[in-house]
Each structure stands twice: as C-alpha cells, then as structure tokens.
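could you work out the structure for the sequence below:
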Amino acid sequence: MGAVLGAAAVGCGDDGSGDGVAEGSSGSSDGSGGGSTMGAAESTSSAGSGEGSTGLDESGSESTGEPVEDCGSGTMGLSPEELLAEIDTIVVVMMENRSFDHYFGSATFLEGLGVDGLTGRETNPRLDGTAVPVFAMTNLQPADPPHDWASCHLQWNIGGNDGFVREHEMEHPGSYDEVMGYYVRAQLPVLYALADNYTLCDQWYCSVMGPTWPNRFYLHAASSNGQTGNSPESGLTTFWDVLADSGITASNYYSDLAWIWGALVNPLTPFTHSLDEFFSEAQAGTLPQYVVLDPNFGILPGGEGGNDDHPSHDITFGQIFLGSVYQALASSPQWERCLLIITYDEHGGFFDHRSPGTRPDERREFQQLGFRVPSLVIGPHVRRGCVDSTVLDHVSVISTATRRFGVPALNDRVTQTPDVSSAINPEYLGNPQPPAPIPMMSVSVSELLSKRGTGQEELMAMVRSGELPLPADRRHDNASHEVALRLLDHASRLGVVKLRP
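The predicted structure follows:
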C-alpha cells in the first residue's frame, strides 16, 4: 500500500448519502490463539511474465515524469459521469465470506498504514465471558463460521460487535477463536499488491446484514425482494434486464457454475459464459461492457479447485484466481479503458470492529448494512496506493455502471447509493496508466488440488438433486479436476504462478 497509502485517504466517509458508520466496540485483554498449517504457496518479488511490468517512476506517471498527486487531488469539480467517462468495460469479481479486518485489519498495526483496521488489542467474549483477542491466523482452511441472518445480527448486537466468538463457539467449540484471526501480506500477496498500487476501500459494507444469497441478489438486482436466506428468488427485475433493455453488452462468466443459475428461478442463461471464454475475450480485446465473474464455488463432482475464499476453501487458490483475472485485464488491449472491482459478498462470520450504518431501502429491515468486506477498485485511471473511505456497498457496483452507461436506475436504492468514482484520479483522464506488477506465486499442483473444502451448500444440494442441471461437459467425475487445471494453465500463461508437481 506504500507511503502514499499510509499518508492519506480519499472520500473520508462523507458521501452525501447521510449514512453514518458508528464505531464498534473492542476490548484490550491479552491472550493467544492459533491455527494449524501453512499452505503450499509462496510468492516472490517477480512481476510474473512481464505482462504487468510498468517501468513507472515513483509517482506512477510515465507520460511527463512529473509527480502526480494520487490521494489528495479531489475530483477537480468533475461529476461522477465525467470521472467515469473513459471506462468502456466494468469487470466485477465477487468472492466469498471474509471480513475487512480478517484480511486487511493487520495492515494498520503491523505495517503502520493509513487503513481503518485493527489495533491488535481487540477482543470478543466466549460463552463463559473469557476474552478472546485477535491473533495471526496460520490456518488457511478455517472452519466455516455461522453467518445466516440471525447469526449476523447476533454478532453485530446492535453495534456492540461482540457476538462473533459466541456464535462460532456454539457451532465449532474446538475452534472458537478462529473468527478473531487475521491474515497478513505474505498469505494474501495478490490482494496486498493490488492495494499497494490501486485503491483499497476500507468502508465497503455488505448490502444487508445477512448471508450470501441476499447480498448477491443486491449485486445483481439492488434488492433481494425480501429474501433473507439462501433460497431462489423469482420476482426480481435484475440489472441484467436493465442492461439488455438499454443495449449494453454484458456477460456473467462462471468457473464451475453460475450462481444465478440456482438463485434465479428463471436463469439468465443468455448472459452466462465459461471462465475460459473470459480469458480468450480479454486476450482478444472483445470483452463486453459489463462483466461479472463468478469464482469456483467447489460444486462440481470431485470437489477440487474451490477458489472463492469461502471457508474451508484454501485462500491460496483464491489469490491465484484473482491474480489471473487481474493479469488477463492487464495484458488485454482493453486495459486502458477498463475498471476492475473486487469485493466479497459478506463477512462470513469473521470479526470486524466497525459497526455498520444504514442505507435507504424500500424495506425497513434491509436498510441495515452488513459488516465491512475487502474491496478494491483497480484500473488505469484509479488512484494509486490510496485508501478510499467513502461508505460503499454492493449496490455501488450498479450505481457506477448506471452512471457510466446512462441507463435507467433500477430502483431508489441505486439512486441513493454512492458509486466508485471517488477512486478515479482526474489527472489520469486522457493519461491512462500502465498496469502495476503483482508478485508471482509458486504452488505445488498436487498439494493444492488435494485440498477440499465446503462452500455453497445450497447450490450443491440443487446439483445433487437434479434441480440445477450442469452443462454436459461438467457432469463427469473428473470435471472439477479439469476445470481447476484449466485455471492453473491460464495462471501460468499469464505469469501469475509457477507450477510445481
């Protein structure tokens, strides 16, 4: 995140929406915790295959050699529409089930960076009242914490943020402390490198205080139509409908399967294409105007290759997936006019110290935002090495695309939700920056693919029952292995990873 990131933040949380974000409570008791094993991956300082190498000076500018103010330049009076005008392709990746403090909180007290993260003294009580502190997590495949609608609200406790350990202990008494664990740069090399060189959003919240499906509905439709659980929904008008009606090209690329196949009773199959097609189209420079990428949920027969970061999937594979998406865009002819947004559907039950505020919504119970999630804005016009503290949520993706493409607002929540234009540096308009390098990872293929995990149980049940039929090429027993190997092949070609046997 660098010196610039540590020195300044943009946005400052005053987005004009009236959303307050209150401080969460934390304790100061000392203690200890731990995980179990380190993973098979390691990263080096190389920039991969060179496709992402830049030759930039320290300011991040290659055109004049003059320093460019990234974090404090403001908008220069430009509207969101003007700031977003040079973006032709918006690419969105939504991962699974990690909180902001779980991934980036340690950057504050370990690296001294200007992120709204941890002090290292936060605690949560066990069922018997014993304080459990935050700690450095070594287990890359922790148990899946409870994160349904009721559990999320109990973890929040009307702003106390003190129910994380209690909820986890009731379900996983042997690993009660894991929800207080945090990861560090060495375990998340791709995400930290992207934060070093682009904009990290430290006030990006889940759209609702609930589980995966309602939050993903908000990404696709700015509403869950009252849905609070992980069940299909039939009554939604989606953003895909708006884009189609407006003549905007759009695709949802999937790894093992598309989430919308199971979530929407009338699946939007014309919009869905395989991840292999994403890599081919990025290389050819033919990606559509709006792109959503689904990671591998680990649903296919064999269970290999889950890379969505959903516990208990190994987060190493998630780094490879994210690095591959970034490098595909970085080496694409479309780089100079694209914007990449990475976010997570919800916190997954992991501790975060911030108590979320509210957002206007037609349903009162959905006005409450969920916890913060790791989120970044990336691209050739994006502020470099900065923290954006504008209060954002998943509807910000739709708000951004709505304002960029001039399509009708799907609902009032879209109108009243800030977009990500505060992450755009107006000095880069007309001066798109080359992509920054990311570290190359090194993994053992056999060890990585030997790891299994759990994830989207509802989708898996639908596949097993036949309610959700898989494409013909993904029904055989070796399907998950083949899909996982294809991603690793793309990652190797793009210089993201060095593959070992």
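
my guess is residue 373 meets residue 347, correct?
Yes. With contact defined as C-beta atoms under 8 Å, residue 373 counts as touching residue 347 (6.0 Å). Heads up, the C-betas are built off the backbone N, CA and C, glycines and all.

what sits in contact with each of those two?
Common contacts of residue 373 and residue 347 (C-beta atoms under 8 Å, 6 or more residues apart in numbering): 98-100, 206.

now do the phi/psi pair for residue 167.
phi -60, psi -40 (degrees, to the nearest 10).

ok, it - contacts?
Residue 167 touches 145-146, 151, 154-155, 179, 349, counting by C-beta under 8 Å, 6+ apart.

one more pass at 6 Å, please.
Applying C-beta atoms under 6 Å, 6 or more residues apart in numbering, we find residue 167 in contact with 146, 151, 154-155.

check residue 492 too.
Residue 492 neighbours (C-beta under 6 Å, 6+ apart): residue 499.

helix, strand or coil for it?
For residue 492, the assignment made with DSSP: H, G, I helix; E, B strand; the rest coil gives helix.

how close does it get to residue 330?
As judged by C-beta to C-beta, to the nearest Å, residue 492 and residue 330 stand 16 Å apart.

how about the strands in the stretch 301-450 of the chain?
With DSSP state E, counting those that start in this stretch as the criterion, the stretch 301-450 of the chain has strands at 338-344, 354-355, 376-378, 386-388, 392-393, 441-444.

so which of those is nearest residue 426?
Nearest to residue 426, of all the strands of the stretch 301-450 of the chain, is strand 386-388, at 13.4 Å by C-beta to C-beta.

that closest one pairs with which strands?
Here strand 386-388 is paired, per DSSP bridges, with strand 9-10 (parallel), strand 199-201 (parallel).

pull the distance from it to the chain's centre.
Its chain's C-alpha centre and that of strand 386-388 lie 16 Å apart, by C-alpha atoms, centre = their mean, to the nearest Å.

likewise for stretch 240-251?
Worked out by C-alpha atoms, centre = their mean, stretch 240-251 lies 23 Å from the chain centre.

buried residues in it, which are they?
240, 242-243, 248, 250-251 (16 or more other C-beta atoms under 10 Å).

same deal with stretch 361-371?
361, 366-371.

now do that stretch, average pLDDT.
On average, the pLDDT along stretch 361-371 is 97.

looking at this, residue 291 is in a helix?
No. Residue 291 is assigned strand when assessed by three-state DSSP, not a helix.

show me where the stretch 51-200 of the chain has its strands.
Under DSSP E, counting those that start in this stretch, the stretch 51-200 of the chain gives strands at 89-95, 123-125, 131-133, 135-136, 181-182, 199-201.

need these in CSV (columns: mean neighbour count, mean pLDDT and distance to residue 72).
Output for those, formatted as CSV (neighbours: other C-beta atoms under 10 Å; pLDDT from 0 to 100; distance: least, C-beta to C-beta, whole Å):
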stretch, mean neighbour count, mean pLDDT, distance to residue 72
strand 89-95, 24, 99, 26
strand 123-125, 22, 99, 35
strand 131-133, 20, 99, 35
strand 135-136, 16, 98, 33
strand 181-182, 24, 99, 29
strand 199-201, 30, 98, 13
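
between the ones you listed, which one is nearest to residue 210?
Using C-beta to C-beta, the nearest of the strands of the stretch 51-200 of the chain to residue 210 is strand 89-95, at 14.9 Å.

which of the shared contacts of residue 373 and residue 347 fall within helices?
residue 100 (DSSP state H).

of the shared contacts of residue 373 and residue 347, buried ones?
98-100, 206.

and these, which is closest to residue 416?
For these, the nearest to residue 416 is residue 206 (16.9 Å; C-beta to C-beta).

so the closest one makes contact with residue 366?
No. Counting by C-beta atoms under 6 Å, residue 206 does not reach residue 366; the two are 11.2 Å apart.

nearest to residue 410 among the buried residues of stretch 240-251?
Out of those, the member with the shortest distance to residue 410 (by C-beta to C-beta) is residue 242, at 5.6 Å.

so that closest one touches residue 409, yeah?
No. With contacts counted by C-beta under 6 Å, residue 242 stays clear of residue 409, the gap being 8.5 Å.

overlap in contacts of these two?
When C-beta under 6 Å, 6+ apart defines a contact, no residue borders residue 242 and residue 409 alike.

residue 319 is nearest to which of the strands of the stretch 301-450 of the chain?
Nearest to residue 319 among these is strand 441-444 (6.4 Å), distances taken as C-beta to C-beta.

centre of the chain versus that closest one, how much separation?
22 Å.

go through the buried ones among the shared contacts of residue 373 and residue 347 and say which is closest to residue 415.
Nearest to residue 415 among these, with distances taken as C-beta to C-beta, is residue 206, at 19.8 Å.

what sits against that closest one?
So residue 206 contacts 215, 346, 370, 373 (C-beta under 6 Å, 6+ apart).

which of the residues you listed lies closest to residue 290?
Out of those, the member with the shortest distance to residue 290 (by C-beta to C-beta) is residue 215, at 18.9 Å.

now do the helix or strand harbouring that closest one against strand 89-95, angle only.
Residue 215 belongs to helix 212-221 when assigned by DSSP states H and E. On the basis of axes from the mean of the first three to the mean of the last three C-alpha atoms, to 10 degrees, helix 212-221 is oriented at 180 degrees to strand 89-95.

how far off strand 338-344 does helix 212-221 point, in degrees?
160 degrees.

for residue 290, name its beta-bridge partners.
Here residue 290, judged by DSSP bridges, has bridge partners residue 90, residue 250.

ok, it - how many residues close by?
Residues within reach of residue 290, counting by other C-beta atoms under 10 Å, total 24.

and it, what does it touch?
Residue 290 neighbours (C-beta under 6 Å, 6+ apart): 90, 243, 250, 401.
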